[in-house]
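Enquirer: Provided below are the primary sequence and the corresponding predicted coordinates.
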Amino acid sequence: MSSSSVNQYSQPCIYGHVVSSYAERKSRFMKWLTKIFKGGSVNRGLPRGHQPQFLGDENMFWRAPLTTLDDLSKANKEKEELDHATAVSLTEDLKQPGYKCRTDNDEDLGRPLSHDLSSLSYPPYPPPYSLPYAPSYAPWEYNPRSYRICSGCHGDIGSGNCLGCMGTFFHPECFLCCACGYPITEHEFSLSGNKTYHKSCFREMTRPKCEVCYQFIPTNAAGLIEYRCHPFWSQKYCPSHEHDITKRCCSCERLEQWNARYVSLGDGRSLCLECMESAIMDTGDCQPLYHSIRDYYEGMNMKIEQQVPMLLVERQALNEAIGGEKHGFYHMPETRGLCLSEEQTITSLLKRPRMSGCKVVGIRTRPQKLTQKYEVTAILVLFGLPRLLTGAILAHELMHAWLRLKGFRNLSLEVEEGICQVLSYMWLESEVMLGSRDMPSTSTASSSSMSSTKKGVKSGVENKLGEFFMHQIAHDTSPAYGGGFRAANEAVNKYGLRFTLDHIRLTGSFPL
């Protein structure tokens, strides 16, 4: 039995039976036709030429041929078989997806179906459909390549070549390096998170480069990347530059980069361009700074009564003066200042040298005999250092002079050098704080400084240098200068400078 379309049935037709009267035959035949043709097509299953036609409730119809009385029992049996076949046909059709049927005013047809349909189970069906079992056949978008959308341009990849990575797909020209923006065509690439890179681009991004030679820092014998890093400036460089001819600034300790040139001071020292901006080059240029620091001491009720000479000297002259001193401990590897207490003849800078390319030339000196009238003969400072470093050295050496002039005797190296470092640190701190507030400095350097220093307002570069010099004092590893400073600074912070100095005078040690 072939299934019909919605609201249609296909059943074989059986043509009536004999009854006792014509009216009864007509009535029964009409009921039979109603059961068969009410819910479906009337054209299926009937022989050609014997098709009933309805023109209303009871209009024209084709009359079935009469049978004999002998065929009565056969006709009743065929009627029962017809009712059963109709119910079975409806049941089979209802089992098919998408079938929809309504049998209004057909009580007799609903009863034989009720038992069969009650055993069927269909999932609930949402509105607007009324039947609880009919499945939905709403159209849905079918895209057989929807899983091959390019993650780069978000276009359909289609049937062309594609690359798969990280669970997604790309056109070959859309698989790009996140660093340079060019397509990745190599068989191997680097992946960081969800970002792709050329191996060379990723190495440039992550592998450290030397900030001196600008090459990738090489690996050591163990295959590990090993480099040096300045503790304050964070300058990374190859370990080999500590032993080759690379120059180091005598002020800020940074190594000379290959694309820059340091200034040679002519005595084996080199100065970077940032330090050179505020460098003090002769004794005359340093006098304003020297007197401002003496005023700083006087402001703390530590006035230095004696007019102690101050001279800027070359490296060789300072080393000779150190050799002529009978007493004292000098900070190695290089001493940059000295408080003399012996009679000596010192060669000092007479006139500011001039620049010639990357060298300082035209240095003019003169010998100067220092006679001992008091406990302090003179204060010597290396020339060519930045203003703040020169000032820090002067503050340190002036404290030595103050201690000797005030009668402090037989102090240990840790106590004397430690308290001198505290005064140097305090002066630097006052200068850096003034610079951070963009206030005029009371210790304007000299005419040798650049425009910012000439106006008395320190630049950001100079302020950073001041912070570095403070860092050097605080993190010095020597027992006398580093350890002495930390012990003295703790005592001054706890008890104050005046009480600490009085305690040193009485006991020769720091208060605990």
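Expert: Received it, and whenever you're ready, just let me know what you need.
Enquirer: sec struct for Asn493, please.
Expert: helix (DSSP: H, G, I helix; E, B strand; the rest coil).
Enquirer: need the contact list for it.
Expert: By Cβ atoms under 8 Å, 6 or more residues apart in numbering, the contact set of Asn493 is empty. Where C-beta positions appear, they are placed from N, C-alpha and C, glycine not excepted.
Enquirer: before we move on, what about Glu186?
Expert: By Cβ under 8 Å, 6+ apart, the residues touching Glu186 are His198, Lys199.
Enquirer: separation between it and Arg336?
Expert: Distance of Glu186 to Arg336, given as Cβ to Cβ, to the nearest Å: 55 Å.
Enquirer: same thing with Glu429?
Expert: For Glu429 relative to Arg336 (Cβ to Cβ), the value is 19 Å.
Enquirer: These two: which has the busier surroundings?
Expert: Neighbours per residue (other Cβ atoms under 10 Å) separate Glu429 from Arg336, with Arg336 holding more: 20 against 13.
Enquirer: Am I right that the more buried one is in contact with Leu380?
Expert: No: when contacts are counted by Cβ atoms under 8 Å, Arg336 is not listed as touching Leu380 (9.4 Å).
Enquirer: Which residues are in contact with each of those two?
Expert: Shared contacts of Arg336 and Leu380 (Cβ under 8 Å, 6+ apart): Leu318.
Enquirer: Who does the residue nearest to Pro309 when sequence neighbours are not counted form a beta bridge with?
Expert: In space, and not counting its chain neighbours, Pro309 is closest to Ala378: 4.3 Å by Cβ to Cβ, 6 or more residues apart in numbering. On the basis of DSSP bridges, Ala378 is bridged to Leu340.
Enquirer: And for Ala378, the neighbour number?
Expert: Ala378 has 25 neighbours, counted by other Cβ under 10 Å.
Enquirer: Hmm, Met310 and it touching each other?
Expert: Yes: under the criterion of Cβ under 8 Å, Ala378 makes contact with Met310 at 7.0 Å.
Enquirer: how close does Lys359 sit to Arg261?
Expert: Applying Cβ to Cβ to Lys359 and Arg261 gives a distance of 10 Å.
Enquirer: try His471
Expert: For His471, the distance to Arg261 equals 26 Å [Cβ to Cβ].
Enquirer: ditto for Arg315
Expert: 21 Å.
Enquirer: Compare those two (neighbour count), which wins?
Expert: Arg315 (19 against 14).
Enquirer: May I have the residues that are in contact with that one?
Expert: Asp267, Gly268, Arg269, Leu382.
Enquirer: Okay, strands next: where are they in the stretch 251-400 of the chain?
Expert: Ranges of strands within the stretch 251-400 of the chain are 263-264, 270-271, 279-280, 310-313, 337-340, 344-351, 354-356, 359-361, 364-370, 378-382, 385-386, based on DSSP state E, counting those that start in this stretch.
Enquirer: Give me the residues contacting the last one.
Expert: For strand 385-386, the surrounding residues in contact (Cβ under 8 Å, 6+ apart) are Cys250, Ser251, Cys275, Glu277, Ser278, Ala279, Ile280, Arg336, Ile393, Glu462, Leu465.
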